[in-house]
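Trainee: predicted structure and sequence below. I'll ask about it afterward.
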Amino acid sequence: MFTEKIRMAKAAQQKTEILIDWEKTAITGPVLGFHAGCVVGNNFYIHGGVESMDSKTPSNRLYQLSSSEGAWTELSFPGSPSLSHHAAVDINDRYIILIGGWNGKSRSSKIYAFDTEKQQWTEPTVTGFPEDGGLSSHTATVLNSGKILILGREGSLRMQRRHGSMYLLSGSVESGRFIYREYTQATASRSGHTANVIGNVLCIVGGRDSNLIEIHTGFKSLKSPAPVTNQITRIVDKLPSVSKTPAGRKNHVSVVSPGAILIHGGETFDGRNREPVGEMLIFATKPCNTFYKVGVSEVKRAGHVCGVVGDEIILHGGFGGKKQLYGDTFFLKFKK
């Protein structure tokens, strides 16, 4: 009888489905890891990254996933930089701004802009960043002021150091100039983290082996979360809360919704995994800061990218077990 109860309990556990998961599409894209992703209008763009895990030379390729065509297309125009571990943001629903990254020789603080209307690259003048310094595995978040908050790994090739510095990047493509100014608010040293704004709260997730979540108030995002992300917030009441803060992680992705953040994948610091995980968590700020367990996806990735286009939340690429790189594309699906 006791053995039968154990068997039934295991069977019931196996039947449990996670409420949201990644569904593979027929859309095959470039095989990449540590690339940058950015949504402009109804198109998802990805740039750079590495095409093999042992590559010493980052890619300079730019790809567009058109919502109307449902396929990845390479956009080949002169001036595209070779970068990995960089950040990308959209400005004015027209420009893709690439910030920092590894250029194959050193970390960079340079800025590159791609005009999606004119289909051309420019390299604005940049001032204000420490001499002989650069950025990699950092984040860039556009604030309601129009300035870009830069947070994360900073250091020269010689120093190889990590800092908890924040910078505010201001300027415009039209003026051809951008300026870094160090922000006075202190933060923990992080690398390979994510940063999202919920309401007026900046939530920094991962990038270190402890203190998984760090919160700063007084920030507001330029754009509100896409309507499709409301479904992330709605399922919180159906999920079990996590009594213990999950392990630290890096090179994961996150999706912001009103009041919550969905976190997927990455490499954990818990000592049990040396390969990317498929763990999915939700961090909600109301009624109080709480982590919720979504489940474990079979899509185990790190160094991947994620974006929201229309009513689809899209994941592309990254590396999985045995350091294998992928070029597949997934849509996030909600169980009914």
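Mentor: The structure has been received and is ready for your questions.
Trainee: list of residues touching stretch 321-330?
Mentor: Residues from elsewhere that reach stretch 321-330 (Cβ atoms under 8 Å, 6 or more residues apart in numbering): 22-25, 27-33, 50-53, 65, 72, 275-276, 299-301, 304, 314-320. (C-beta placed from N, C-alpha, C; glycine too.)
Trainee: can you give me the pLDDT of residue 133?
Mentor: pLDDT recorded at residue 133 is 87.
Trainee: that one: neighbour count?
Mentor: Residues near residue 133, counting by other Cβ atoms under 10 Å, number 20.
Trainee: do residue 93 as well
Mentor: 10.
Trainee: 25 is where my numbering starts, stick with that
Mentor: New numbering, starting at 25: the last item is residue 117.
Trainee: circling back to that earlier point, out of the contacts of stretch 345-354, which end up buried?
Mentor: Those of those that meet the buried threshold are 46, 49, 51, 53-57, 74-75, 89, 96, 300, 323-325, 328, 338-344, by 16 or more other Cβ atoms under 10 Å.
Trainee: all strands for the stretch 175-324 of the chain, in order.
Mentor: Ranges of strands in the stretch 175-324 of the chain, per DSSP state E, counting those that start in this stretch, are 190-196, 201-207, 218-222, 225-229, 237-241, 273-274, 277-281, 284-288, 291-292, 303-308, 314-320.
Trainee: got a markdown table for these, with distance to residue 255 too?
Mentor: Shown next, in a markdown table, are the strands of the stretch 175-324 of the chain (distance: least, Cβ to Cβ, whole Å):
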| stretch | distance to residue 255 |
| --- | --- |
| strand 190-196 | 31 |
| strand 201-207 | 33 |
| strand 218-222 | 16 |
| strand 225-229 | 19 |
| strand 237-241 | 22 |
| strand 273-274 | 23 |
| strand 277-281 | 8 |
| strand 284-288 | 10 |
| strand 291-292 | 26 |
| strand 303-308 | 11 |
| strand 314-320 | 12 |
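Trainee: residue contacts, residue 294?
Mentor: 271, 272.
Trainee: let's see that with 7 Å instead.
Mentor: When contacts are counted by Cβ atoms under 7 Å, 6 or more residues apart in numbering, residue 294 touches residue 271.
Trainee: same question, residue 302
Mentor: By Cβ under 7 Å, 6+ apart, the neighbours of residue 302 are 289, 320, 321, 322, 323, 324.
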